[in-house]
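[1] just a sequence and a predicted model for now, questions to come.
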Amino acid sequence: MIRRTLTALLALGTGLALPAAEAAGPQAATPQVRAELVASVSAVQPGEQIQLGVQQRIIPHWHTYWLNPGDSGLATTIAWTLPAGATAGDIQWPVPGRFALGPVTNYGYENEVTLLSPIRIPANARPGSTFPVKATVDWLVCQEICIPQQVELELSLPVVAAGTPREPGSPLIEQAVARLPVSSPWQADFSNAADGLTLRLSGAGLGALTSSDVWFYPGQWGRIAHGAPQPVHITGDSLSLKLARGEDPPAAGQALGGVLVVSSQDGARGYSIQASAIAAPTGGNAVPAEETALGAALLFALLGGLILNLMPCVFPVLSIKALSLLRHAHQSRAVTRLQGLAYTGGVLASFAVLAGVLIGLKAGGTQVGWGFQFQSPVFVLAVAYLMFAVGLSLSGVFTLGASAAGVGTALADKPGYTGSFFTGVLATVVATPCTAPFMGAALGFALGQPGPVLLAVFLSLGLGLALPYLLLSFWPALQRLLPRPGRWMERLKEFLAFPMYGAAVWLVWVLAQQAGPNAIAIALGGMLAIAFAAWLYANSHAVRPLARHGSRGLAALALGLALAGGYIGIRTGAADAAQAATTKVSGKTWEPYSKARFDALRAEGKPVFVNFTAAWCITCLANERVALSDESVIAAFRQAGITYLKGDWTNQDPQISAHLADFGRSGVPLYLFYPDGDKTEARVLPQLLTPATVIAALQTPSSPHLAKE
Amino acid sequence: MLNANTLRRTVLSLAAASLPLFSATAAHAAAEIGQPAPAFNAQGADGKPVSLASFKGKTVVLEWTNHECPFVVKHYESGNIPQLQKEFTAKGAVWLQVISSAPDKQGHVDGPSAIKINGFRNAAPSGTVLDPDGKIGKAYGAQTTPHLFIIDPAGQLVYKGGIDSIPSASKADIAKADNYVKLAFSDLAAGRKVAHASTKPYGCSIKYAD
C-alpha cells in the first residue's frame, strides 16, 4: 500500500510537475513513455503538405488512448507551435486496440504508436531558412493506475526549393500510415431498435471474413456500450454487428461513425465507417430513427392495411362487399364465412403476387419501390379503365356474375366465391396508390429484406386490408350492427359509382402527367369504347341468338379496341412527355431534382429542401397543396435562402430511388431538409405535412452533435 | 387458443415494438435516469451502516472517489469538489463519497484512513461509503473516479456522469468547464428536468476486484 502510494506520487511528480523534463529536442521521456517527433521528409518545400508524427513507446502493460478513449481515460492531444502561415490538421489515429479492466473497457495503444498530423508548409517559406516545429503533447498513460503526462518536442527542418532532391524522412511515418484505417469499400447503415443497434455492411469481400476477428470502435463516447460483446452475423456479402446501446446513443437521423477493425494473421486492418441511420416511421410525433424490426414492420403493415380500407378508392369496394353480405343475409353462416375467406384469399393472393414481382425485380437488380406499378402508364390506364368499368356496373349499365344468362341455380353460389375472390383482388389493385402513412416504413424495411420477410410484410398488409370484411363475415353480431337491407342499398350502390368515376378521372390526370396531353384523348376514347361495349353486352341478353352473338362480338371488338389503342397510344406518347417534362420549368418556387444539382448545392453548403413526390401519390399531392404551396412556407424558404428541389418519381428514376434508399425508403412521399453547412445531416420530415411542421423543421437549431459528426 | 401467457407475450412484444426507446440497456447499466436508484446498505467509514433508503426525502449525491487518482486530485487540490460538498450539504443535500477500489488496489483505504485523508484535503461530505467488493459501483455502472450520480428526494436517479464538461487532468480547465453537478442542482431547485442528465464521466477507471 505504502509502496504503491509512493510509486504513484513519484509518477505524478515526474509526469505532472516536471513537464518536458529534458532540454527541448525531438525526444522526451517519462518513466512510462518515450516520445519522439518525426517527419515524413528530411527537408520541407514551400506550399507542400507533410506528415509529422509523434511516436510513443510505452513500457509493457501500460497504454495511452485513442480518439474515443472508451469508458475512462483521455485521448492524447497535440498542440502545435508552427511558423506563421503553416497549419496543422487533426490527428490521424492508427487502428486502436481495446483493454478491459473489470466492467471498464478502454480503446487505445500498447507498446508503440505513432500519431500522425498533416502539416501545410506556407508557400512563402524561404528556401535556405529553417522550419521550426514545437509539439506540446498531453497524454494519459494507464496500467491500473493512470498518470497524466505532458512533454514538449521540437524539430527543425531545412527549407529547400520545390523539386530539390532530398533524403527520405522517418520510416516511422510510413509504418504509421500503413496502420491508419482506410475508407470502407462497403455500404454501411445502422438501425436503432429495442434490442440495441445493428450495424450493417454490405459489399464484396465481407463473406470471406470470420466472425471472431471483427470489432467496431465508435468514434464518439457513449454511442455504444464500449465493452459489450458484438455478435457478428455474416451472410453472403453482408455483415451485421449487434451493438449494445451506450449512454449517449445516436439521436434520430444522426450517423454512426467509427472504425471497423478486422484482424487476421497479417495484422489488424481498419476501415472507417460512417453508417447512416435507417429512418423509422415519421408520424405526427416523430418516432426516432429506430429500426422497424420485423415485429414492428408486421404490426405497421397490419395497421396500414386496416387504414387502407378508409381510402377513397378502397372504401366503395369494401362497401359493395358489405352490402352483398346483407343481400345474402339468408345464406347459412358457413357460406358467409366462405365468402369472407374467399375475399381474404383474393387480397392475400394479390399481395403475394405483388411481393413475388418485387422479389423477382429485386433479384434482377432493378431498383423498385412501393407503387412501382403505377410508374407504368399502361398500368395506370388499365386501372383507370377498370375503375370506369366498375363504375358503369355500379350505375347499372351492365351486370356481371350470377345474373348472367345460362348459369344454373345450382351454381349460383359459386360465382359468389369467385366474385368475392376477385373483389379482394380489386381491392388490392385500387389500394396500391394510397400508401397510408404507417406503411412507408414497413414497406421500406421489407424491400431491404430477404424474400421471405418481404412476403411476410406484404401478407400482413393484405391481412390488414381484408380484416374488416373477414370479421364481418365471421361474427354475425357485427352484421347486425349494419343497417337493415332495403331499397337504400340500391341507391347507395348507384351512388358509389361516383367515387369510382372520380378515381378514373384522377388516374387519367396522372396519365396526362406521365404520357402527355394526347393520352387524355386516348384514355377517354377508350372509355367511350368500354361504355359502348358495356351497353351492347347488357342489351344482348334479351335478343335473338344471332343478334346476341353479333352484339357481343361487337362489344368484344370495342373492348379490344379500347385496350389495344390505349396500349399503343400510351407507349409512344410516354417518351415524348418525359422529354417535355424536363424542359418546362420556370417561374416556379421549386427546381426539378437531379443528383448533380443536389450535390452541387450541398457542396456549396447551401440549405436544401427536397420533396420526393409522384402524381399517383395522393398523400404527396395533399401535402403539396396544403403545406408546400402555402405562402408562409414559400416565404420561409425564400427568407432562409433554401433551394426547394422536387424529385418527381411518377416515372421510374434510379437517382431518386437511390436517394430514397439512403433513408431506408422505397416509396414516396419523403421530405428532407438539409440545413446550411456542407456536412449537416438531413432532417426527415413527417409524411403528413402542415405549414407549421415544415416551418418548425426549418427553424430547429442544428444540434452541436450533428455538426461534429 | 389464446391463453394468458401468449396474450401477455403478444402485448409485451407489441409494446416492445412500438416503444423501442423505453426498453433500454438494463443488461449493462442498472442505473437509468428517471428510474429508482439502486438501493444499497453498506458500511460507512465511521463504522456505522449507511442505507440509501434512510435518505428518502433528501437529494443524495454519490461521488465515486480514489484519492490517488490524478483526476480526483485535480478536483480536490483545486478545492472544486470540497466547495461543492459544502455548498450542497448546507442546502440540505446528502453527499456520499463511495470508494469501490478493491483491497490491494489503488485508492483502497480502511475507514479511519478515509476520514484522515478527507481531513487532509478539506473534504466535507456527509459520509463515505466503503464498497471494497464493488457491488454498489457495479449496480450503478460507475466507471471512473470521479463519477457522480444524483438521486432526487423521491429516490429517482436524475443525473449521472462527469463532474464537468472538460475531460482533462488540468486544474486550469475547471473554471472554463460547465459544472454539471451545479447545473443539475439549479435545475432541481427550479423544479425543472435536469437538462444534462447523462454526461460523459472522465477520470481513472475504478479499480474493481478482478
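    Alright, I've got the coordinates.
[2] what residues are up against residue A:102?
    B:134, B:205-206, B:208-210 (Cβ atoms under 8 Å, 6 or more residues apart in numbering or on different chains). Where you see a C-beta, it was placed from the backbone N, CA and C, and this is true even at glycine.
[3] elements contacting the helix or strand encompassing residue A:342?
    Applying DSSP states H and E as the criterion places residue A:342 in helix A:333-363. Helices and strands touching helix A:333-363, as assessed by 3 or more Cβ pairs under 8 Å, 6 or more residues apart in numbering or on different chains; DSSP states H and E, comprise helix A:315-327, helix A:413-431, helix A:451-474.
[4] who wins on neighbours among the contacts of residue A:102?
    Using other Cβ atoms under 10 Å in any protein chain shown as the neighbour test, these are led by residue B:206, with 33 neighbours.
[5] so what's the nearest residue in space to it that is not next to it in sequence up against?
    The shortest distance from residue B:206 to any non-neighbouring residue, by Cβ to Cβ, 6 or more residues apart in numbering or on different chains, is to residue B:100 (5.1 Å). Residue B:100 sits next to B:64, B:131-132, B:134, B:136-137, B:142, B:206-208 when contact means Cβ under 8 Å, 6+ apart.
[6] out of the residues you listed, which are inside strands?
    residue B:64 (DSSP state E).
[7] next, work out how far apart residue A:125 and residue B:132 are.
    From residue A:125 over to residue B:132 the distance is 60 Å, taken as Cβ to Cβ, to the nearest Å.
[8] now residue A:645
    Taking Cβ to Cβ, one finds residue A:645 at 63 Å from residue B:132.
[9] what do you get for residue A:269?
    Using Cβ to Cβ, residue A:269 is found at 42 Å from residue B:132.
[10] one more: residue A:185?
    From residue A:185 across to residue B:132, the span is 50 Å (Cβ to Cβ).
[11] out of those two, which sits in the more crowded spot?
    Per other Cβ under 10 Å, whichever of residue A:185 and residue B:132 has more neighbours is residue B:132, with 19 against 11.
[12] quick one: contacts for the more buried one?
    Contacts of residue B:132 (Cβ under 8 Å, 6+ apart): B:99-103, B:108, B:209.
[13] repeat that with 6 Å
    Contact analysis of residue B:132 by Cβ atoms under 6 Å, 6 or more residues apart in numbering or on different chains lists B:102-103.
[14] for it, give me the pLDDT.
    We have a pLDDT of 94 for residue B:132.
[15] and the gap between the nearest residue to residue B:171 once chain neighbours are set aside and residue B:48?
    Leaving out its chain neighbours, the residue that sits closest to residue B:171 by Cβ to Cβ, 6+ apart is residue B:78, at 4.5 Å. Distance of residue B:78 to residue B:48, computed by Cβ to Cβ: 30 Å.
[16] buried ones in stretch B:77-92?
    B:78, B:80-82, B:84-86, B:88 (16 or more other Cβ atoms under 10 Å in any protein chain shown).
[17] figure out how far that stretch is from the centre of its chain.
    Distance of stretch B:77-92 from its chain centroid, counting by Cα atoms, centre = their mean, to the nearest Å, is 15 Å.
[18] next one: stretch A:520-537 to chain centre, how far?
    Taking Cα atoms, centre = their mean, the mean C-alpha location of stretch A:520-537 is offset from the chain mean by 42 Å.
[19] and it, which residues are buried?
    Buried residues in stretch A:520-537 (16+ other Cβ under 10 Å): A:522-523, A:526-527, A:529-537.
[20] repeat for stretch A:685-696
    Applying 16+ other Cβ under 10 Å to stretch A:685-696 flags A:685-689, A:691, A:693-695 as buried.
[21] could I get the residues you listed as TSV with distance to chain B?
    Formatted as TSV, the buried residues of stretch A:685-696 follow (distance: Cβ to the nearest Cβ, whole Å):
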residue	distance to chain B
A:685	20
A:686	17
A:687	17
A:688	18
A:689	23
A:691	28
A:693	21
A:694	25
A:695	25
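[22] farthest pair in the residues you listed?
    Pairwise distances across these (Cβ to Cβ) peak at 17.1 Å, for the pair A:687 and A:695.
[23] nearest residue to the spatially most central residue of chain B in space, please, no chain neighbours.
    Closest residue to the average C-alpha location of chain B: residue B:149 at 2.7 Å, with Cα atoms, centre = their mean. Using Cβ to Cβ, 6+ apart and skipping the chain neighbours, the partner closest in space to residue B:149 is residue B:62 (4.3 Å).
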